[in-house]
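Trainee: this is a predicted model, with the sequence first.
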Amino acid sequence: MPQCTAKQIDALLPQTQCGLCGYPGCMPYATALANDEAEIDLCPPGGVPGLFALAALLEKDPTPFIVGMEQKAKSSVVAVIREAECIGCTKCIQYCPVDAILGASKSMHTVIADECTGCELCVAPCPVDCIDMVPAARSTDDKKEHYRKRYLAREKRLTQASAPIKNNPAMNKKAYIQEALLRVKQKCL
């Protein structure tokens, strides 16, 4: 097997960040492939074309995996929220790896279709089952880099949001929120 970096492998993956491969995202799967700890047939959104791309890069024979990949391959889909049924719980927002869902607590949510990777991670946590996965209007293959950037931006935002709590182990979330509220009240005075 040629020495390929996880970054080279990650560039071939669809960037849905869906976890269907058994890894928590595309880069962890790419890292496992680079370390020869995973097979090339674990990415259903990549389908057979993805299988062939990985096989070519890693110089592996895709033949034993083709039939299985044809059976488990996923076509491009996007999430759609039936807005009249949405209760505004925000659970779907928390699971979207690319921040493609807009809404606020106790308000209706909606999916930005052009930003949705079709990962389906928002479906399971929805307590009222108001999210449908529908065929994407166009292929998402040309948006891999865009999805990667959105995913990384979300990860950075979440890391920064939790930094005050992580940097001071004595401060818990409740205390952090109380301090933030106090700062806002002081500004208003």
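Mentor: Yep, it's here.

Trainee: drop to CA atoms for contacts and neighbour counts, all remaining ones
Mentor: OK.

Trainee: and Trp3, how far is that from Ile93?
Mentor: Just to correct that, residue 3 is Gln rather than Trp. 38 Å (C-alpha to C-alpha, to the nearest Å).

Trainee: neighbour count: these two, which is higher?
Mentor: Remark: of Gln3 and Ile93, Ile93 carries more neighbours, 23 against 10, as counted by other C-alpha atoms under 10 Å.

Trainee: surely the more buried one and Leu102 touch.
Mentor: Yes - using C-alpha atoms under 8 Å, Ile93 makes contact with Leu102 at a distance of 7.2 Å.

Trainee: nearest residue to Ile81 in space, please, no chain neighbours.
Mentor: Ile131 (4.5 Å; C-alpha to C-alpha, 6 or more residues apart in numbering).

Trainee: no no, Leu54
Mentor: Distances taken as C-alpha to C-alpha, 6+ apart place Ile40 nearest to Leu54, at 6.3 Å, with adjacent residues excluded.

Trainee: where along the protein do the helices fall?
Mentor: Assigned by DSSP state H, the chain shows helices spanning 6-10, 26-34, 47-58, 66-72, 91-95, 144-167, 173-188.

Trainee: looking at the ones you listed, which is nearest to Pro125?
Mentor: helix 91-95 (6.0 Å; C-alpha to C-alpha).

Trainee: now do that closest one, average pLDDT.
Mentor: Mean pLDDT, helix 91-95: 95.

Trainee: what packs against it?
Mentor: strand 101-102 (3 or more C-alpha pairs under 8 Å, 6 or more residues apart in numbering; DSSP states H and E).

Trainee: list the pairing partners of the strand it packs on within its sheet, with orientation.
Mentor: Here strand 101-102 is paired, per DSSP bridges, with strand 110-111 (antiparallel).

Trainee: what residues does the strand it pairs with touch?
Mentor: Applying C-alpha atoms under 8 Å, 6 or more residues apart in numbering, the set of residues contacting strand 110-111 from outside is 79-81, 83, 100-103.

Trainee: returning to what we had before: quick check: the residue nearest to Ile81 touching Glu85?
Mentor: No - contact status for Ile131 versus Glu85: not in contact, 9.2 Å apart, counting by C-alpha under 8 Å.

Trainee: which one of those two has more residues nearby?
Mentor: Ile131 (24 against 13).

Trainee: show the contacting residues for that one.
Mentor: Shown in contact with Ile131 (C-alpha under 8 Å, 6+ apart): 79-82, 122-123.

Trainee: and it, what pLDDT?
Mentor: For Ile131, pLDDT reads 98.

Trainee: how is the protein partitioned into domains?
Mentor: 6-72, 75-161 (automatic domain parsing).

Trainee: got JSON lines for the ones you listed, with distance to Lys187 too?
Mentor: Below are the domains of the chain laid out as JSON lines (distance: least, C-alpha to C-alpha, whole Å):
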{"stretch": "domain 6-72", "distance to Lys187": "40"}
{"stretch": "domain 75-161", "distance to Lys187": "21"}
